[in-house]
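A.B. asks: Everything below, folded, please.
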Amino acid sequence: MHIFTYGSLMFREVWSRVVHGNYRCRPATLPGYRRKAVKGEVYPVALNALPEDRIDGMVYLDIAADDIDRLDTFEGDYYRRRIEVVSISADTTTKAGVYVLNPDHRSIVAEEDWDAELFRRSSLPYFLSSYLGFHRGASIGEQ
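C.D. replies: Down below sits the predicted model:
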């Protein structure tokens with residue numbers, strides 16, 4: 001399975017702390033969704049939106065089942081993994097798992113869109129130090 005990432009996991013520093021494998025990745029776009037900030041947090045959620053809306057991110061290719069389990073655990077109850085079509089180029093699409101907001105948690109969504117560049121510049125070090133329970137080599141039970 002491929003996995004489309006649009007928040008903290010699109011940064012290799014975070015991705016490599018969650019999964020065991022080394023995976024190829026490519027820039028990709030998810031149509032029909034918006035990326036919103038989460039109240040009081042530095043990570044985003046994806047919400048269904050208008051067909052012309054889109055989220056730019058990364059798609060990681062051919063993820064092993066044990067790493068899918070690790071990603072499911074990392075994403076937790078706020079998210080549900082859905083299979084969506086993502087665009088890799090103007091003429092290439094693929095199906096990928098995408099972690100979208102669980103509707104039961106709509107109250108966590110902030111008004112503003114999430115800014116990936118702002119996250120990279122000012123929140124990535126904080127995020128890495130706050131989410132140290134996930135690192136390469138640990139089993140899910142050791143989180």
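A.B. asks: give me phi/psi at the residue lying farthest from the centre of the chain?
C.D. replies: Largest separation from the mean C-alpha position in the chain: residue 91, at 23.3 Å (C-alpha atoms, centre = their mean). Main-chain dihedrals, residue 91, degrees, to the nearest 10: phi -120, psi 10.
A.B. asks: Just give me the neighbour total for residue 109.
C.D. replies: For residue 109, the count of nearby residues is 16 (other C-beta atoms under 10 Å). Bear in mind the C-beta positions are built from the backbone N, C-alpha and C, glycine included.
A.B. asks: For it, which non-adjacent residue is closest in space?
C.D. replies: Distances taken as C-beta to C-beta, 6 or more residues apart in numbering put residue 36 closest to residue 109, at 5.0 Å, once the chain neighbours are dropped.
A.B. asks: which SS class is the one you found?
C.D. replies: Here residue 36 is recorded as strand under DSSP: H, G, I helix; E, B strand; the rest coil.
A.B. asks: So what's the residue count around it?
C.D. replies: 19.
A.B. asks: Tell me the confidence at it?
C.D. replies: What the model reports for residue 36 is a pLDDT of 97.
A.B. asks: which residues does it contact?
C.D. replies: Residues counted as contacts of residue 36 (C-beta atoms under 8 Å, 6 or more residues apart in numbering) are 44, 45, 46, 47, 109, 110, 111, 112, 113, 114.
A.B. asks: Restricted to strands, list these.
C.D. replies: Restricting the contacts of residue 36 to those inside strands, with DSSP state E as the criterion, leaves 44, 45, 46, 47, 109, 110, 111, 112, 113.
A.B. asks: Now render those as TSV, adding pLDDT and distance to residue 29.
C.D. replies: Output for these, formatted as TSV (pLDDT from 0 to 100; distance: C-beta to C-beta, whole Å):
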residue	pLDDT	distance to residue 29
44	96	15
45	96	17
46	97	12
47	95	16
109	96	21
110	96	22
111	95	23
112	96	21
113	96	15
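A.B. asks: Quick one: the strands in the chain, in order.
C.D. replies: Assigned by DSSP E, the chain shows strands spanning 3-5, 25-31, 33-38, 44-48, 54-60, 79-89, 92-101, 109-113.
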